[in-house]
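In: no sequence for this one, just the structure:
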């Protein structure tokens, strides 16, 4: 996504009547910076957490996941964020829990594919998406940019500012 398109999308998100709690681990952290760098972030973001260690992730979701980077884990993270958003927001506010768990370029050998799982939980249910990344094609920053843009798109959809 071009920078101007990203900024326009974030402006739309900030103008929407949705507040979120986010958790990102392993990747997608650019989406946090993007949201917080555009004026109006306080209208959207209630809280952000980065549960980067296994113990922090387990603490967030209430159990040790079978696999840290999976759809199930992303959905559990989003549900935990929704519960937190419920505690932090007003009763009449539209809320969502947003989560991303990713395995991106690393400095060690990893068997699995580079990928990300993104989930958004609302009181209507949970929506998730996956991003597959070809190993060796990009550096970590480029992979994080792709994943972060996908996170922003999921938030925009939840905020009903895009399809």
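Out: That came through, no problem. Quick caveat, the model's predicted, so the values are computed rather than measured.

In: drop to CA atoms for contacts and neighbour counts, all remaining ones
Out: Noted.

In: could you pull out the helices for this structure?
Out: Taking DSSP state H, the helices of the chain run over residues 3-15, 29-37, 54-61, 71-88, 140-158.

In: can I get the ones you listed in a markdown table with mean pLDDT, distance to residue 127 and mean neighbour count?
Out: Below are those laid out as a markdown table (pLDDT from 0 to 100; distance: least, C-alpha to C-alpha, whole Å; neighbours: other C-alpha atoms under 10 Å):
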| stretch | mean pLDDT | distance to residue 127 | mean neighbour count |
| --- | --- | --- | --- |
| helix 3-15 | 96 | 17 | 17 |
| helix 29-37 | 97 | 18 | 18 |
| helix 54-61 | 96 | 17 | 16 |
| helix 71-88 | 97 | 8 | 23 |
| helix 140-158 | 97 | 9 | 21 |
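
In: could those helices go into TSV alongside distance to residue 94?
Out: TSV is the format used below for the helices of the chain (distance: least, C-alpha to C-alpha, whole Å):
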stretch	distance to residue 94
helix 3-15	12
helix 29-37	18
helix 54-61	22
helix 71-88	9
helix 140-158	10
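
In: what's the closest of those to residue 43?
Out: Nearest of those to residue 43, taken as C-alpha to C-alpha: helix 3-15 at 6.0 Å.

In: on that earlier part again, looking at the helices of the chain, which is nearest to residue 122?
Out: That would be, of the helices of the chain and by C-alpha to C-alpha, helix 71-88, which comes in at 6.6 Å.

In: contact partners of that closest one?
Out: With contact meaning C-alpha atoms under 8 Å, 6 or more residues apart in numbering, helix 71-88 is reached by 19-23, 46, 60-61, 65, 67, 95-101, 117-122, 126, 128-130.
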